[in-house]
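Asks: here is a sequence with its predicted model. Questions after.
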Amino acid sequence: METEEEKKEESTAPPLLALNHVSRLCRNVKESIDFYTRVLGFVLVERPPALDNFDGAWLFNYGVGIHLVQSQDEDRLPSDTHHLDPMDNHISFQCEDMEGMEGRLKEFNAKYIKRTMEDESGTKIDQLFFNDPDGFMVEICNCENLKLVPAGSMGKIKLPFDRHNPPVDLNKVEGN
């Protein structure tokens, strides 16, 4: 049975469902499309016509979108496209076959860092860190091995069950 405090926390929680997309500035949108589709398996999807006033692209897969935007200012992009530091900003993707993903990175000649971390209970997670063509870091991990343990009473963890995925119009798929 919920306490009054738990009911209050639940009623004041924001009505969020899930991460919708990550936006990335690009030096070259076409090169970034190639990277995210070929290396990471994203699918190019149509952008709304209202966004035709600037160069960009929308990609989607795995329940999340990546919005690529052509940069008009080189200074807004990472200056060192080869720097890899797992403690720096990055996006992370859950992976079910770390060896397969490492082989894929080798196939595309991607420079990467591989590491395994183990917690005090002996649970291990494997991580691969690499950069996209613009120097934004990407992590691939099998972090599902770690349990999520709420560290306080700031709210309840919400796990969406397919509600956050946008509808897919299969009638507009090329080739059909």
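Replies: That came through, no problem.

Asks: C-alpha from now on. contacts and neighbour counts both.
Replies: OK.

Asks: can you give me the helices in the protein?
Replies: Under the criterion DSSP state H, the chain carries helices at the ranges 4-12, 29-38, 98-107.

Asks: okay, those, which one's buried deepest?
Replies: Scoring these by mean neighbour count under mean count of other C-alpha atoms under 10 Å gives helix 29-38 as the most buried, with a mean of 17.

Asks: ok so, going back, export the helices of the chain as CSV, with columns for distance to Met117 and mean pLDDT.
Replies: As requested, the helices of the chain are arranged in CSV below (distance: least, C-alpha to C-alpha, whole Å; pLDDT from 0 to 100):
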stretch, distance to Met117, mean pLDDT
helix 4-12, 34, 65
helix 29-38, 26, 97
helix 98-107, 14, 96
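
Asks: Ile125: which of the ones you listed is closest?
Replies: Go through the helices of the chain one by one with C-alpha to C-alpha and the one that ends up closest to Ile125 is helix 98-107, at 10.0 Å.

Asks: chain center to that closest one: distance?
Replies: 18 Å (C-alpha atoms, centre = their mean, to the nearest Å).

Asks: lowest average confidence, helix or strand, in this protein?
Replies: Taking all helices and strands of the chain together, the one with the lowest average confidence (mean pLDDT, DSSP states H and E) is helix 4-12, at a mean of 65.

Asks: what pairs with Val69 across the strands?
Replies: With beta bridges defined as DSSP bridges, Val69 has these partners: Leu25, Gly56.
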